[in-house]
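no sequence on this one, just coordinates:
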């Protein structure tokens, strides 16, 4: 299947189409900084996962960003996977784990940040984004579901509320898995609320 056609497919109708994504970067925007690692997983069990570390495509970095992830620009320059190859591997993985008739739905904690890097890299290196132009933000979903203030959508607050694993580790794959677990609980709560109507 060509992704040009794939983008025309319907929006996801089953949980099998949800993909939890997390990225670690060398700074706050893809115009000046590099994406250094990508973690992804399905919401379904057995959980299928994807992880890759990328060769930086820009020299710029912020020390605080590197301190959060623990990744090294020098190590990745030598050992990281080239960005185009990395994005092709992610695109191929998505085709393997998502039902053919559906488009993957990007799910992340603070999705605008992760999506802007993923979209930028897909468009620059492959010329398409398998996710299209949509992303589901876990923070916003929680805010609407629980009717709380934006200030009550931190990872610590949500994790405590849902008996989760606490703060994220900043390993992209582990964070994607932890986010998926939290979002599954939110979906279960939504289903239970509907059953009560």
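It's in. Since the model is a prediction, treat every value here as computed from it, not as a measurement.

and the helices in this structure?
For the chain, helices defined by DSSP state H occupy the ranges 3-6, 63-69, 73-79, 83-97, 111-125, 138-146, 155-161, 172-196.

I'd like those as CSV, with mean neighbour count, distance to residue 49 and mean pLDDT appended.
Every C-beta, even on glycine, is put in place using the N, C-alpha and C of the backbone. Output for these, formatted as CSV (neighbours: other CB atoms under 10 Å; distance: least, CB to CB, whole Å; pLDDT from 0 to 100):
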stretch, mean neighbour count, distance to residue 49, mean pLDDT
helix 3-6, 14, 21, 43
helix 63-69, 13, 18, 94
helix 73-79, 12, 20, 98
helix 83-97, 17, 9, 97
helix 111-125, 19, 16, 98
helix 138-146, 17, 18, 94
helix 155-161, 16, 20, 85
helix 172-196, 17, 6, 83
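
okay, those helices in CSV with distance to residue 131 next?
Listed next are the helices of the chain as CSV, based on distance: least, CB to CB, whole Å:
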stretch, distance to residue 131
helix 3-6, 10
helix 63-69, 22
helix 73-79, 24
helix 83-97, 8
helix 111-125, 7
helix 138-146, 15
helix 155-161, 22
helix 172-196, 14
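
closest to residue 53 out of these?
helix 73-79 (5.9 Å; CB to CB).

which residues sit against the closest one?
Surrounding helix 73-79, the residues in contact under the criterion CB atoms under 8 Å, 6 or more residues apart in numbering are 26, 34, 36, 53-56, 61, 66.

also stretch 92-100?
By CB under 8 Å, 6+ apart, stretch 92-100 touches 1, 6, 14, 16-17, 19, 40, 42, 48, 50, 104, 130.

and the nearest residue to residue 84 once chain neighbours are set aside, what does it touch?
Using CB to CB, 6 or more residues apart in numbering and skipping the chain neighbours, the partner closest in space to residue 84 is residue 125 (4.2 Å). By CB under 8 Å, 6+ apart, the contact set of residue 125 is 83-84, 87-88.

repeat that with 6 Å
Applying CB atoms under 6 Å, 6 or more residues apart in numbering, we find residue 125 in contact with 83-84, 87.

returning to that earlier point: and the contacts of helix 73-79, which is closest to residue 108?
Among the contacts of helix 73-79, residue 36 lies closest to residue 108 (CB to CB), at 16.0 Å.

quick check: residue 18 touching residue 105?
Yes - when contacts are counted by CB atoms under 6 Å, residue 18 is listed as touching residue 105 (5.2 Å).

so what's the most centrally placed residue in the chain up against?
What sits nearest the mean C-alpha location of the chain, by CA atoms, centre = their mean, is residue 21, with 1.5 Å. If you count contacts by CB under 6 Å, 6+ apart, residue 21 has them with 40, 106, 108, 114, 176.

adding distance to residue 172, write the contacts of helix 73-79 out as JSON lines.
Shown next, in JSON lines, are those (distance: CB to CB, whole Å):
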{"residue": "26", "distance to residue 172": "13"}
{"residue": "34", "distance to residue 172": "13"}
{"residue": "36", "distance to residue 172": "8"}
{"residue": "53", "distance to residue 172": "9"}
{"residue": "54", "distance to residue 172": "10"}
{"residue": "55", "distance to residue 172": "15"}
{"residue": "56", "distance to residue 172": "15"}
{"residue": "61", "distance to residue 172": "17"}
{"residue": "66", "distance to residue 172": "14"}
